[in-house]
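Asker: build the 3D model from these lines:
(chains A and B)
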Amino acid sequence: MSGHPAGVPIAWRRELWGSRLRSVFTVLLGLAIAWAGWHVFNWAVLQAVFRPDAEACRALQHGACWGVIAEKWRPILFGRYPYEDQWRAALAVVLLACTTLLSAWPRSWRWWLLPLWFVTLALFVLLMRGGLFGLDTVPTSRWGGLPLTISLAVVGLALAFPLSLLLALGRRSHWPVLRTLCATYVELVRGVPLISVLFMASFLLPLLWPAGWQPDVLLRVLVGLSLFVAAYLAEIIRGGLQAVPRGQTEVAMALGFGRWPVQRDIVLPQALRLVVPALTNNVVGTLKDTSLVTVVGLFELTGALGLALGGDPTWRPFYIEGYLFIALVYWVMCFGLSRYSQWLERRLAPGGH
Amino acid sequence: MSAAPGRDADSSPDGRRAAWLAWAAQGLLVAAIAAGVFWLVHHALEVLRARGVHSGFDFLLQPAGFEISEGWLDFDAGQPYWRAFLAGLINTIRAAVPAALIAVLLGTLLGIGRLAPHVLVRGIAGAYVQVLRNVPLLVQLLMLYFAITQLLPDSTEPLELLPDVWLSKGGLSLPWPVADAGGWWPTHLEWPERGGFNVSGGAALSPEYLAVVVALALYSAAFIAEIVRAGIASVTAGQKLAAQAMGFTPWQQLRIVVLPQALRVIVPALTNQLLSLTKNSSLAVAVGYPELVSVANTSLNSTGRAFECIAVVMAVYLALSLLISGVMNRYNARVALRGWR
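Answerer: Model (predicted):
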């Protein structure tokens, strides 16, 4: 029925107009949707002002002022990054996006992906931070907007992943002490909100560092974020490890594999393959969670919007349009990732292509 | 085949030596971690002493010196810090419980809607879930807070949503049961009254509180909808067909056959979602609703005792998490298959 291409419209027709009651319901619901849709369309398109014209915007009664985006899109997307150097931040994001897209393709899951990521991250930091090849130095305190959001998510996850592997393996260790330690860490961190971990990182790390060399805010937040994310990733990976049948380990042991090679060559590759969709969902979660760092004084996308509009009385009344704009940016990234995760799940399923 | 090292069952000399080695290594690990923690704490205390900051939990007994504007627990600046934290905790619960109730209700409706035999209903529920799930909660919360405090009419001319329910920039006022002076049990409803400048009486919910509860509820509902949908979809089609063949009405099919089986899948995932809702209530600090994290942040800035304040927050959230998982595990034991764990 639903598997057949021609079956779908027929099934829909039956759902919509199958009986008299259904038809009445469909008409009423359709009218409600049309009414709401018309109002949204009228507000967002017909009555809206698209020019960066504050006078026209203030005269609006029932329309959106997209002029605020036209006027402020650069401070929103790049935060306090120096205006004339923003092409560097844009290039860095494009570079990172290209590598991400390439790694999303299962055919490119080869040995060269890891070095490629190192090169990409090095270039990313070089472009953002500058200081070499005649590029002006931009301190991390002036990074902001979308590049900061993306680098927090990517670097936070990249730092969290190895730690989470160790935690997941440690939680299944033969050593009771190690097992208890890893389980305690994971459960403790999963029990507290990210905000408190971020506060902890931004207030406490300076105390633990050697005197004289203070970590900047970005580094502190990255440490806090990855310690937090690692606990969640560890649970996902542990789930994958548990799903690999015991027979696999036993056969490998019988073939003469040692304890570590069994984990590295037999168990982990299968376990990670199983949890790739869950990991992708966690990437979406981390991407959304980066918005919280605005609470500890980093101006990523959400913070940059506050910075761009909050200090400007002319455009402050049009926050809603600004929020809708960054919501759209987040939505495109997160929805894309979750669609990718579903595609990957089908592809990685046994017999999938 | 020799057993893996570290197993107790192996009594050969090799196995025993391996077991000893494993214990020695674990002892070393514990010693190394203890030494590391000791060094870090020592170092941190040194740094604090050099800055002239006192440490310890004794500040909890000192007067707080700041006000908490709303909540069930009366609090003024002369009262000690521990009472401020308690007021914050009560405010957390005051926001999280209504949000959880609304989220479960709305999420269940949306989850059923996503499987409804009508393409438009499925479409609306699906669009809701896809939009709300993929935008950070903080953005939704800030947007809602801005909409409430800037776009609603002033409190001098509030909107009357329902008879005696008033909504304005100043928040929402609605009738509320109150007790007579000296009594404990509510005896009559107090009705909000519209005055010249604002609405007084009844329950006055601040815009911060409204934004937090509504944003948390709408966001969590999107996740709960997916959980409910997965739960209902996990019940095989044969079960429903069999129920139809037995002559059950659609409502009976849902109540007697589908839901009891779906709940086994739903409850553990729902537990996680409620835990994350409680933890997400800490975002309220961004709009200035005085819940636990916000109170801790204020105390931290006025006393400088970062570790102590954050430790209190973490301990309270851990206790809350344990409490919620305890209650939900009880409930899960009731809906789970007998003899299963």
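Asker: sketch out the low-pLDDT regions of the stretch 151-300 of chain B for me.
Answerer: B:179-183, B:187, B:194-202 (pLDDT under 70).
Asker: and A:Asp53, its phi and psi?
Answerer: The phi/psi pair for A:Asp53 (degrees, to the nearest 10) reads phi -120, psi 100.
Asker: residues contacting it?
Answerer: A:Gly67 (C-beta atoms under 8 Å, 6 or more residues apart in numbering or on different chains). The C-beta positions use only the backbone N, C-alpha and C, and glycine is treated the same way.
Asker: so how far is A:Thr314 from it?
Answerer: 11 Å (C-beta to C-beta, to the nearest Å).
Asker: B:Thr271: neighbour count?
Answerer: 18 (other C-beta atoms under 10 Å in any protein chain shown).
Asker: quick check: it touching B:Leu323?
Answerer: No - the pair B:Thr271 / B:Leu323 is not scored as a contact, 11.6 Å apart, by C-beta atoms under 8 Å.
Asker: B:Gln140 sits in which helix or strand?
Answerer: helix B:137-146 (DSSP states H and E).
Asker: who touches whatever helix or strand comes next after that helix?
Answerer: Going down the chain from helix B:137-146, the next helix or strand is strand B:159-162, by DSSP H and E. If you take C-beta under 8 Å, 6+ apart as the criterion, strand B:159-162 is touched by B:Leu152, B:Pro153, B:Trp166, B:Leu167, B:Ser168.
Asker: which helix in chain B runs the most residues?
Answerer: Longest helix of chain B, by residue count under DSSP state H: helix B:13-51.
Asker: sort out which residues of that helix are buried, please.
Answerer: Buried positions in helix B:13-51, judged by neighbour count with 16 or more other C-beta atoms under 10 Å in any protein chain shown: B:Gly15, B:Ala18, B:Ala19, B:Ala22, B:Gln26, B:Ala44, B:Val47, B:Leu48.
Asker: domains for chain A, by residue range?
Answerer: A:7-46, A:72-81+A:138-348 (automatic domain parsing).
Asker: how about these in JSON lines, adding mean neighbour count and distance to B:Leu161?
Answerer: Output for the domains of chain A, formatted as JSON lines (neighbours: other C-beta atoms under 10 Å in any protein chain shown; distance: least, C-beta to C-beta, whole Å):
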{"stretch": "domain A:7-46", "mean neighbour count": "12", "distance to B:Leu161": "19"}
{"stretch": "domain A:72-81+A:138-348", "mean neighbour count": "19", "distance to B:Leu161": "21"}
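Asker: so which residue is smack in the middle of chain B?
Answerer: B:Thr278 (1.1 Å; C-alpha atoms, centre = their mean).
Asker: scratch that, chain A
Answerer: Geometric middle of chain A (C-alpha atoms, centre = their mean) lands on A:Leu287, at 2.2 Å.
Asker: next up, the contacts around it.
Answerer: Counting by C-beta under 8 Å, 6+ apart, A:Leu287 has contacts A:Thr149, A:Ala153, A:Tyr330, A:Met333, A:Cys334, A:Leu337.
Asker: any idea which helix or strand carries B:Val135?
Answerer: Using DSSP H and E, B:Val135 falls outside every helix and strand.
Asker: show me what contacts the nearest residue to it once chain neighbours are set aside?
Answerer: Excluding the flanking residues, the one nearest B:Val135 by C-beta to C-beta, 6 or more residues apart in numbering or on different chains is A:Ala327, at 4.6 Å. By C-beta under 8 Å, 6+ apart, A:Ala327 lies in contact with B:Val135, B:Val139, B:Gln140, B:Met143.
Asker: what is the neighbour count of B:Trp185?
Answerer: Neighbours of B:Trp185 using other C-beta under 10 Å come to 7.
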